[in-house]
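# here's a sequence, model it:
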Amino acid sequence: MICFAGQISVSAGKGVDIVDITAQLEELVRDSGVFTGSLHAVCLGSTGSLTCIEYEPGVIADLARTVNELAFPDREYEHEKAWGDGNGHSHVQAALMGPSLGIAVRKGRCLLGTWQQAVVINHDVKPRTRKIEVTIMGLNS
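Reported below is the predicted structural model:
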């Protein structure tokens, strides 16, 4: 049994900014030596999230619009009353989307659908470098 840990860093613009991280995850799987197992990724920070989606401009625009509709940036948030940083909606959006992602590893690769990619989302009101902690566990054959 192999237990491999790694991290990727991703520069993202102000939210909602969606960045494809599939290639970086695939590279970590190759580095891990895991042939059959699973990958677990966690976005560090309370205004970032992870999910899978078809990474094409139309779907990305649809997701960004929908996320903003779920937690409107111009709504009044208690967080902003306390901190005055204007990102109350960012915390709510990230919580709704979730900070983690699990992907099966098969034949030494991330098992994703033909049109499915892993993405990190920055919901914050300013650009961020998002750190994603990755754990890959499994067998090498």
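# okay, and the helix or strand of this protein with the least pLDDT?
helix 78-83 (a mean of 90; mean pLDDT, DSSP states H and E).
# tell me which stretches of the chain form strands.
Using DSSP state E, the strands found in the chain span residues 2-12, 17-20, 36-43, 48-53, 100-106, 109-110, 117-122, 128-139.
# residues making contact with stretch 89-104?
15-16, 25, 37-43, 45-52, 67-68, 70-73, 75, 77, 79, 110-112, 118, 121, 123-125 (Cβ atoms under 8 Å, 6 or more residues apart in numbering). C-beta coordinates here come from the backbone N, C-alpha and C atoms, glycine included.
# report the buried residues of stretch 104-119.
Neighbour counts over stretch 104-119 (16 or more other Cβ atoms under 10 Å) mark 105, 108, 110, 117, 118, 119 as buried.
# same deal with stretch 60-80?
Applying 16+ other Cβ under 10 Å to stretch 60-80 flags 60, 63, 64, 67, 68, 71, 73, 77 as buried.
# in JSON lines: the strands of the chain, plus distance to residue 30.
Putting those into JSON lines (distance: least, Cβ to Cβ, whole Å) gives the following:
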{"stretch": "strand 2-12", "distance to residue 30": "11"}
{"stretch": "strand 17-20", "distance to residue 30": "17"}
{"stretch": "strand 36-43", "distance to residue 30": "12"}
{"stretch": "strand 48-53", "distance to residue 30": "19"}
{"stretch": "strand 100-106", "distance to residue 30": "10"}
{"stretch": "strand 109-110", "distance to residue 30": "8"}
{"stretch": "strand 117-122", "distance to residue 30": "15"}
{"stretch": "strand 128-139", "distance to residue 30": "10"}
